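Undergrad: Here is my input, please return the structure:
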Amino acid sequence: MGLGKTLQCITLVWTLLRQSPDFKPEIDKAIVVSPSSLVRNWYNEGHRLKNSDNQTYQALNAMNAQRRVLISGTPIQNDLLEYFSLVHFVNAGILGTAQEFKKRFEIPILKGRDADASDKDRAVGEEKLKELISVVNRCLIRRTSDILSKYLPVKIEQVVCCRLTPLQKELYKLFLKQAKPVESLQQGKISVSSLSSITSLKKLCNHPSLIYEKCVDGEEGFAGAMDLFPPGYSTKGVEPQLSGKMLVLDYILAMTRSTTSDKVVLVSNYTQTLDLFEKLCRTRKYLYVRLDGTMSIKKRAKIVERFNSPSNPEFIFMLSSKAGGCGLNLIGANRLVMFDPDWNPANDEQAMARVWRDGQRKTCYIYRLLSTGTIEEKILQRQAHKKALSSCVVDEEQDVERHFSLGELRELFALNEETLSDTHDRFRCRRCVNGRQVRPPPEDSDCTSDLSCWQHCADKRGLKDPVLQASWDAAVSFVFHQRSHEDQRGAV
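TA: Next up, the predicted model:
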């Protein structure tokens, strides 16, 4: 995240190895554990020890180490038990056992954070939250991106809702009608086939070509789907006009290329989507590089260094979020497109931090593309629930609004065809009248604030980014946007 965690930890280790009140080293040796892709610049993603049952956690926990330090910009990713695992690793017993923690803290806190919670449950939840913060603060140093505002250029984040194309819409409705796992999920049962259904819908939101083979094979949910595709359809090309998000991306890239000197990072959770990006780049004759899990560590470092060089002609850096979402420094670009959301908000936050970090000199533009009214908006809403939990426990923010009940967050399998943004509808926003924002967000709001405190745009007139403004008519239905801070350093 560029907050100086690594430097602070190096300083600590150096001091313990070289100094002490007794004029002899406090420690004899230190072991650094890091993801393999980041060994060269050592950036220890401590949150990867979130599961106390995995082998990495158990192996490290078995080591005879008197002092342990974890570094993470995103300590809470999915739930409070993961947070317990991290705290327990560095300070065993401070929160009791996992079962004791769940009974004492997790259950009352989550119960109090439900949108349908009673006043009594909320009061108990807030009391337990304060108690948890008080205990954990004994072994926690927390810094947020607020401290970067004096040193970094402005970052403009934009959540862009993109309409489905007619083909996507018909395929989506066909799947919801046919797929049996949909019924089990609506009844609150999660199965392997249910998770497969989620993946199918997410890929359909990216582009129909990603589920074309399923349609050819007549797999469950796609029987008869071949009749919906245009005559003579082939997956050899990219055909951006068949996907709302791909069409918007095509416009964003074209406008960026023709009106600015900026470079762009494209991020997706799926290597299949990166394949589509490659086809688009070849069609439009954009120079690009690609980093995914198949690339060696040595080669990764070389292409990152080359891309960051101002004299390098490559326009686009394609990134698999799983392979390069953490630690990479891609300040050669100042525009980043998150093409699909992750269930885990921390993964998205890590990926988006690749361009807005130390060394960046230009205003940064982050585009988070979502398919309007689909499962992708539900994922965003689930992210909001997790981020609210993180804000309360780690950042001690008490006023994150409770917009979504846990029951609402289970409504994954529905298509809202009439909305401009299902997420905005659920806010019951009092700042917007008849789809137009009539009151600005709170003065102290920034990119870390809840989306209800961002700018809301149902048309392009409210946008500040000329590139997105010019791309609106492609397929954009609604945009949430916000600035990180007011520029204090005269960014380019």
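Undergrad: any chance you could map the strands in this structure?
TA: For the chain, the strands defined by DSSP state E occupy 155-162, 264-268, 288-291, 316-320, 335-338, 364-371, 432-433, 436-437, 455-457, 476-483.
Undergrad: Output those strands as CSV; include the columns mean neighbour count and distance to Leu7.
TA: The C-beta positions use only the backbone N, C-alpha and C, and glycine is treated the same way. Listed next are the strands of the chain as CSV, based on neighbours: other C-beta atoms under 10 Å; distance: least, C-beta to C-beta, whole Å:
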stretch, mean neighbour count, distance to Leu7
strand 155-162, 25, 21
strand 264-268, 25, 24
strand 288-291, 19, 25
strand 316-320, 24, 25
strand 335-338, 25, 24
strand 364-371, 26, 22
strand 432-433, 13, 43
strand 436-437, 14, 41
strand 455-457, 23, 34
strand 476-483, 23, 27
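Undergrad: what would these look like in JSON lines with distance to Asp114 and mean pLDDT?
TA: Below are the strands of the chain laid out as JSON lines (distance: least, C-beta to C-beta, whole Å; pLDDT from 0 to 100):
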{"stretch": "strand 155-162", "distance to Asp114": "24", "mean pLDDT": "97"}
{"stretch": "strand 264-268", "distance to Asp114": "32", "mean pLDDT": "97"}
{"stretch": "strand 288-291", "distance to Asp114": "40", "mean pLDDT": "95"}
{"stretch": "strand 316-320", "distance to Asp114": "35", "mean pLDDT": "96"}
{"stretch": "strand 335-338", "distance to Asp114": "28", "mean pLDDT": "98"}
{"stretch": "strand 364-371", "distance to Asp114": "24", "mean pLDDT": "98"}
{"stretch": "strand 432-433", "distance to Asp114": "25", "mean pLDDT": "92"}
{"stretch": "strand 436-437", "distance to Asp114": "28", "mean pLDDT": "90"}
{"stretch": "strand 455-457", "distance to Asp114": "25", "mean pLDDT": "96"}
{"stretch": "strand 476-483", "distance to Asp114": "24", "mean pLDDT": "97"}
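Undergrad: Columns distance to Phe175 on top of those, output as JSON lines?
TA: Formatted as JSON lines, the strands of the chain follow (distance: least, C-beta to C-beta, whole Å):
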{"stretch": "strand 155-162", "distance to Phe175": "19"}
{"stretch": "strand 264-268", "distance to Phe175": "21"}
{"stretch": "strand 288-291", "distance to Phe175": "30"}
{"stretch": "strand 316-320", "distance to Phe175": "25"}
{"stretch": "strand 335-338", "distance to Phe175": "24"}
{"stretch": "strand 364-371", "distance to Phe175": "13"}
{"stretch": "strand 432-433", "distance to Phe175": "32"}
{"stretch": "strand 436-437", "distance to Phe175": "34"}
{"stretch": "strand 455-457", "distance to Phe175": "30"}
{"stretch": "strand 476-483", "distance to Phe175": "21"}
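Undergrad: which one of those lies closest to Ser34?
TA: Proximity to Ser34 (C-beta to C-beta) singles out strand 288-291 among those, at 17.5 Å.
Undergrad: quick one: strands adjacent to the closest one?
TA: Next to strand 288-291 in the sheet, as set by DSSP bridges, lie strand 316-320 (parallel).
Undergrad: hang on, the earlier thing: Phe89: which of the strands of the chain is closest?
TA: Of the strands of the chain, nearest to Phe89 by C-beta to C-beta is strand 316-320, at 27.8 Å.
Undergrad: Outside of that closest one itself, list whatever touches it.
TA: Outside strand 316-320, the residues that touch it by C-beta atoms under 8 Å, 6 or more residues apart in numbering are 253, 263-269, 271, 274, 277-278, 281, 286-293, 307, 325, 328, 330, 332-333, 351, 354.
Undergrad: Leu176 against Glu417, yeah?
TA: No - contact between Leu176 and Glu417 fails when scored by C-beta atoms under 8 Å: they sit 11.4 Å apart.
Undergrad: Those two: who's more crowded?
TA: For Leu176 versus Glu417, the count of surrounding residues by other C-beta atoms under 10 Å is larger for Leu176: 15 against 12.
Undergrad: picking up where we left off before, of all the strands of the chain, which lies closest to Leu204?
TA: Of all the strands of the chain, the one in closest proximity to Leu204, counting by C-beta to C-beta, is strand 364-371 (8.5 Å).
Undergrad: Mind giving me the packing neighbours of the closest one?
TA: With contacts taken as 3 or more C-beta pairs under 8 Å, 6 or more residues apart in numbering; DSSP states H and E, strand 364-371 sits against strand 155-162, helix 244-259, strand 335-338, helix 345-352, helix 375-393, helix 466-475.
Undergrad: got any ranges where the stretch 101-250 of the chain has weak pLDDT?
TA: Along the stretch 101-250 of the chain, segments meeting pLDDT under 70 span 115, 144-149, 180-194.
Undergrad: And for the spatially closest residue to Asn329 that is not a sequence neighbour, the neighbour number?
TA: Ranked by C-beta to C-beta, 6 or more residues apart in numbering and with sequence neighbours excluded, the top spatial neighbour of Asn329 is Arg357, at 6.3 Å. Residues within reach of Arg357, counting by other C-beta under 10 Å, total 18.
Undergrad: how much space between Arg357 and Thr374?
TA: 31 Å (C-beta to C-beta, to the nearest Å).
Undergrad: How about Gln381?
TA: Separation of Gln381 from Thr374 (C-beta to C-beta): 12 Å.
Undergrad: Please identify which of these two sits among more neighbours.
TA: Neighbour count, other C-beta under 10 Å: between Gln381 and Thr374, Thr374 has more, with 26 against 18.
Undergrad: And that one, what's its pLDDT?
TA: Confidence at Thr374, expressed as pLDDT, is 97.
Undergrad: what about it, distance to Ser268?
TA: Between Thr374 and Ser268 the computed distance is 16 Å (C-beta to C-beta).
Undergrad: And for Arg113?
TA: Distance, Arg113 to Ser268, by C-beta to C-beta: 31 Å.
Undergrad: next one: Lys130
TA: Distance, Lys130 to Ser268, using C-beta to C-beta: 40 Å.
Undergrad: repeat for Val476
TA: 19 Å.
Undergrad: just Pro442 next, same as before
TA: For Pro442 relative to Ser268 (C-beta to C-beta), the value is 33 Å.
Undergrad: Domain boundaries for this protein, per the record?
TA: Here the domain parsing of the chain from automatic domain parsing is 5-146, 148-164+244-483, 166-228.
Undergrad: Could I get the ones you listed in a markdown table, plus columns for distance to Gly237?
TA: Shown next, in a markdown table, are the domains of the chain (distance: least, C-beta to C-beta, whole Å):
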| stretch | distance to Gly237 |
| --- | --- |
| domain 5-146 | 32 |
| domain 148-164+244-483 | 7 |
| domain 166-228 | 9 |
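Undergrad: Go ahead and confirm Arg284 touches Leu253.
TA: Yes - the pair Arg284 and Leu253 passes the contact test of C-beta under 8 Å, sitting 7.0 Å apart.
Undergrad: who's more crowded, the two?
TA: Each of Arg284 and Leu253 has its neighbours counted (other C-beta under 10 Å); Leu253 has more, 24 against 16.
Undergrad: Could I get the pLDDT score of the more buried one?
TA: Confidence at Leu253, expressed as pLDDT, is 99.
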